[in-house]
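Participant: how would this look folded up:
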Amino acid sequence: MKLRFLIPVLSIFYAATAIANIDELHVLRVAAASGEASKTTIGKQAASNLVLSSQFSALSNQGLVISHKLSHPNADYIKLHFKNVQLAGSAKLVIRNPDNTERYEYTVNNMSLATKDTTLGDDGISSFSAMSISNDSVIIEYYPDENTADQHTEFGVIDSYFYGTESVIPANINQNDASLLSTCGVNERQDVQCWANSHPTEFDRSRPVARLVIGGRSLCTGWRVGADNKMFTNNHCVETAGELASTEVWFNYQQKSCNGSTREAVVKVTGNQFFKTDYTLDYTLFSVNDFSSISQFGYLGLDVRDALQGERIYIPQHGSGNPKELAIESDQDSNGLCQVNAASTNGRGTGTDIGYNCDTIGGSSGSPVLAGVTNKVIALHHLGGCYNKGAKISKIWPQVSTYFNGEIPIGDDNDSSNPIARFTYNCNFEQCSFDGSGSSSAGSINSYSWQFGDNQTDSGSQVTHTFSAAGNYSVSLTVLDSNNQSHTVTQQVAVTSDNTIPDDELAKGQAKEGLSGTMSSEVFYYFDVPSGASNIRVTLSNGTGDADLYVKKGSKPTSTSYDCRPFKNGNNESCTLTGGEGRYHVMLKGYRSYSGVSLLADYTSN
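Facilitator: Next up, the predicted model:
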């Protein structure tokens with residue numbers, strides 16, 4: 001019995017016995033005690049009637065825009081549901097957080113970041129739910145099709161939204177209540193970063209594990225399996241293709257430090273293909289949309305054998321909606337480590353499971369149980385109770401092997417001698433920051449090389465790049481380690497525009513005035529030259545002190561690498577360039593402190 005069907009029955013029972021104020025947590029306790037697997041609820045639904053009306057429109061740099069702000073105090077996320085949205089033609093819907101660091105766009109040709117609930121009549125185009133925003137406020141911006149904007153006064157409505165908090169388990173709950181929490185003894189689940197130094201392999205194998213938010217309110221765990229676009233979770237988490245269509249998959253939802261409060265950059269995608277499911281073995285195999293954006297997080301392999309009594313295991317998980325945690329230690333086992341306590345036991349079927357005291361909790365359903373000796377998945381966690389239980393991969397594999405062409409996935413850690421390139425990014429309109437410091441190697445990483453998909457490059461573990469225009473760019477990071485091995489990862493980066501000139505861009509014929517810097521300081525600018533342009537010139541003038549001018553096409557100049565450096569005293573310097581079309585980078589370096597300087601880039605258009 002699923003929790004959503006159990007709640008009404010329990011409510012009637014308690015009403016008949018005059019017990020009032022049944023909270024969701026108590027229902028969860030009774031559901032768990034019944035022995036049935038169920039999803040954990042982390043969100044609630046609220047009604048709304050926020051109309052995308054022309055009376056709220058204004059002119060922007062991108063044309064007419066209808067703007068709203070929806071807030072729900074203390075919510076960790078908000079997920080909006082839309083009805084009757086008009087996305088024909090050039091119409092666009094933007095959903096973002098207030099500082100624009102999380103942003104999703106929807107057009108008639110791009111709805112991959114939307115989810116749909118068929119029970120609400122969603123068609124995924126005019127009626128759908130937007131990707132959740134991890135904030136207690138959401139900005140809604142609707143840009144009508146310019147050819148039909150004057151034919152309507154209303155363009156859709158937000159009729160409801162889900163809001164949620166991280167955890168449904170209050171701090172004052174008895175941690176020894178195993179029937180509810182599946183915590184055997186003292187809770188020993190910890191943030192994955194707490195294990196990064198002491199257990200680097202286990203930490204690395206947590207990368208492919210993701211948080212599932214189903215239907216805007218329910219929580220489970222899922223994980224990538226094999227190099228292709230495939231993921232596992234439980235059947236009791238995602239039973240049907242309809243449920244998958246309502247599912248968000250959150251990768252990299254974890255703290256940056258042990259017991260910290262600052263999170264890594266989360267990458268959210270939606271469910272796509274529903275391949276296969278089974279009630280008895282409690283698994284579902286599926287794929288996601290926008291696969292390229294999550295491929296950097298790697299994938300797990302399968303250990304298709306019978307587990308041995310007493311062998312070591314560990315479980316990466318998103319229990320209770322928390323940022324990713326690892327269960328490695330167990331105070332219920334004599335060696336202090338999680339292990340297989342029952343090599344074969346009953347689950348939803350006879351002899352289908354293994355049993356263990358490794359700590360889990362509501363929301364851990366769907367987590368991989370990895371064998372310590374192989375670092376591959378030997379069971380799929382799905383039941384609690386101490387023993388907690390996982391369905392045997394040796395039972396699941398024969399049912400899904402055709403989806404892998406009969407080849408058992410080995411995991412992306414199989415060749416530990418090779419480095420793994422990973423990066424996260426955050427864009428504020430055209431200016432994007434990229435962080436490749438999460439890359440790893442058996443040795444040390446010697447270099448980070450970036451390709452931004454616009455013929456521009458850079459180097460370093462953390463870089464900032466300003467794109468010249470909005471669009472979708474294939475950004476690649478290549479790392480080279482001390483063993484002279486390399487690896488490249490590529491992501492699609494969607495860049496939007498606010499049609500303003502960034503601080504570090506030089507506009508044709510428009511001088512930047514009043515520039516200043518200290519001795520040895522380095523400040524960078526750039527400008528783009530179109531095809532056919534000639535008489536390309538950069539001029540430094542005015543002010544006091546002494547700034548040196550450096551110019552280079554295609555990449556940032558340095559003190560030893562440049563196309564032009566005038567070598568003059570003072571601030572009256574100029575460079576004439578003949579490189580033609582492309583991006584030119586300018587560096588001002590303080591030979592001495594300087595102030596009041598003007599910088600001008602210009603060219604003759606053909």
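Participant: Partner strands of the longest strand that the chain contains and their direction?
Facilitator: When the chain is parsed with DSSP state E, its longest strand is strand 582-604. If you go by DSSP bridges, strand 582-604 pairs up with strand 512-517 (antiparallel), strand 522-529 (antiparallel), strand 534-541 (antiparallel), strand 544-553 (antiparallel).
Participant: which parts of the shortest one are buried?
Facilitator: What that stands for is strand 512-517. Buried residues in strand 512-517, defined by neighbour count with 16 or more other CB atoms under 10 Å: Lys512, Leu515, Ser516, Gly517. Bear in mind the C-beta positions are built from the backbone N, C-alpha and C, glycine included.
Participant: any chance of those residues in JSON lines, plus pLDDT?
Facilitator: Putting the buried residues of strand 512-517 into JSON lines (pLDDT from 0 to 100) gives the following:
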{"residue": "Lys512", "pLDDT": "93"}
{"residue": "Leu515", "pLDDT": "94"}
{"residue": "Ser516", "pLDDT": "93"}
{"residue": "Gly517", "pLDDT": "91"}
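Participant: picking that back up, comparing the strands paired with strand 582-604, which comes out most buried?
Facilitator: Mean neighbour count (mean count of other CB atoms under 10 Å) peaks for strand 544-553 among the strands paired with strand 582-604, with a mean of 21.
Participant: Tell me the helix or strand right after that one.
Facilitator: Scanning forward in sequence from strand 544-553 by DSSP states H and E, the next helix or strand is strand 573-577.
Participant: Now do that next one: everything it contacts.
Facilitator: The contact list for strand 573-577 (CB atoms under 8 Å, 6 or more residues apart in numbering) reads 535-540, 548-549, 551, 553, 563-566, 584.
Participant: quick one: the helices in the stretch 1-150 of the chain?
Facilitator: 3-16, 24-33 (DSSP state H, counting those that start in this stretch).
Participant: Please disregard the earlier target; I meant the stretch 201-350 of the chain.
Facilitator: Under the criterion DSSP H, counting those that start in this stretch, the stretch 201-350 of the chain contains helices at 241-245.
Participant: tell me the contacts of Arg205?
Facilitator: Each residue near Arg205 by CB under 8 Å, 6+ apart is listed here: Leu300, Pro316, Leu370, Asn375, Gly411, Asp413.
Participant: and if we set it to 6 Å?
Facilitator: Going by CB atoms under 6 Å, 6 or more residues apart in numbering, Arg205 touches Leu370, Asn375.
Participant: shaky segments in the stretch 101-250 of the chain?
Facilitator: Where the stretch 101-250 of the chain drops to pLDDT under 70, the residues are 166-181.
Participant: among the helices of the stretch 1-150 of the chain, which gets the worst mean confidence?
Facilitator: Across these, helix 3-16 has the smallest mean pLDDT, namely a mean of 31.
Participant: Now for the chain, the helix or strand with the poorest mean pLDDT.
Facilitator: One helix or strand of the chain scores below all others by mean pLDDT, DSSP states H and E: helix 3-16, with a mean of 31.
Participant: count of neighbours near Cys258?
Facilitator: Using other CB atoms under 10 Å, Cys258 has 13 neighbouring residues.
Participant: Can you tell me, leaving aside adjacent residues, what's nearest to it?
Facilitator: In this structure, Cys258 finds its nearest non-sequential neighbour in Cys194, 3.8 Å apart by CB to CB, 6 or more residues apart in numbering.
Participant: returning to that earlier point: farthest pair within the contacts of strand 573-577?
Facilitator: Greatest spacing in the contacts of strand 573-577, by CB to CB: Asn535 and Asp548 (23.0 Å).
Participant: centroid residue for the protein?
Facilitator: Val267 (1.0 Å; CA atoms, centre = their mean).
Participant: Distance of it relative to His585?
Facilitator: As for Val267, its distance to His585 is 30 Å (criterion: CB to CB, to the nearest Å).
Participant: Tell me what angle the longest strand of the chain forms with strand 573-577.
Facilitator: If you take axes from the mean of the first three to the mean of the last three CA atoms, to 10 degrees, strand 582-604 sits at 100 degrees to strand 573-577.
Participant: In contact with Ile78, which residues?
Facilitator: Counting by CB under 6 Å, 6+ apart, Ile78 makes contact with His72, Ile133, Val138, Tyr161, Tyr163.
Participant: Narrow those to those that are buried.
Facilitator: His72, Ile133, Val138, Tyr161, Tyr163.
Participant: Export the residues you listed to TSV and append columns for distance to Leu212.
Facilitator: As requested, the buried ones among the contacts of Ile78 are exported to TSV (distance: CB to CB, whole Å):
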residue	distance to Leu212
His72	22
Ile133	17
Val138	21
Tyr161	19
Tyr163	18
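Participant: Where do the domain boundaries of the protein fall?
Facilitator: Domain ranges of the chain: 3-36, 44-164, 424-495, 512-604, per automatic domain parsing.
Participant: For Thr350, which of those is the nearest?
Facilitator: So among the domains of the chain, domain 3-36 is nearest, using CB to CB, at 14.8 Å.
Participant: that older thread, out of the domains of the chain, which is closest to Ser287?
Facilitator: Counting by CB to CB, Ser287 lies closest to domain 44-164 out of those; the figure is 12.0 Å.
Participant: Endpoints of that closest one, how far apart?
Facilitator: For domain 44-164, the first and last residues are 6 Å from each other (CA to CA, to the nearest Å).
Participant: swap in stretch 116-126?
Facilitator: Length of stretch 116-126, first residue to last, CA to CA: 10 Å.
Participant: Flag every buried residue along that stretch.
Facilitator: For stretch 116-126, burial by neighbour count (16+ other CB under 10 Å) applies to Lys116, Asp117, Asp122.
Participant: Next: stretch 56-73.
Facilitator: The neighbour-count check on stretch 56-73 (16+ other CB under 10 Å) flags Ser57, Leu64, Val65, Ile66, His68, Leu70, His72 as buried.
Participant: What's the per-residue pLDDT of the second one here?
Facilitator: Reading off the confidence values, Leu64 has pLDDT 86.
Participant: go on, the first one?
Facilitator: At Ser57, the predicted lDDT confidence score is 79.
Participant: Give me the nearest residue to it, chain neighbours excluded.
Facilitator: Per CB to CB, 6+ apart, closest to Ser57 is Ile66, 4.8 Å.
Participant: Distance check, the one you found against Phe291.
Facilitator: Distance, Ile66 to Phe291, by CB to CB: 33 Å.
Participant: Turn the strands paired with strand 582-604 into TSV, including distance to Glu248.
Facilitator: Output for the strands paired with strand 582-604, formatted as TSV (distance: least, CB to CB, whole Å):
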stretch	distance to Glu248
strand 512-517	43
strand 522-529	37
strand 534-541	48
strand 544-553	43
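Participant: where in the stretch 301-450 of the chain is pLDDT low?
Facilitator: Using pLDDT under 70, the stretch 301-450 of the chain drops low at 414-417.
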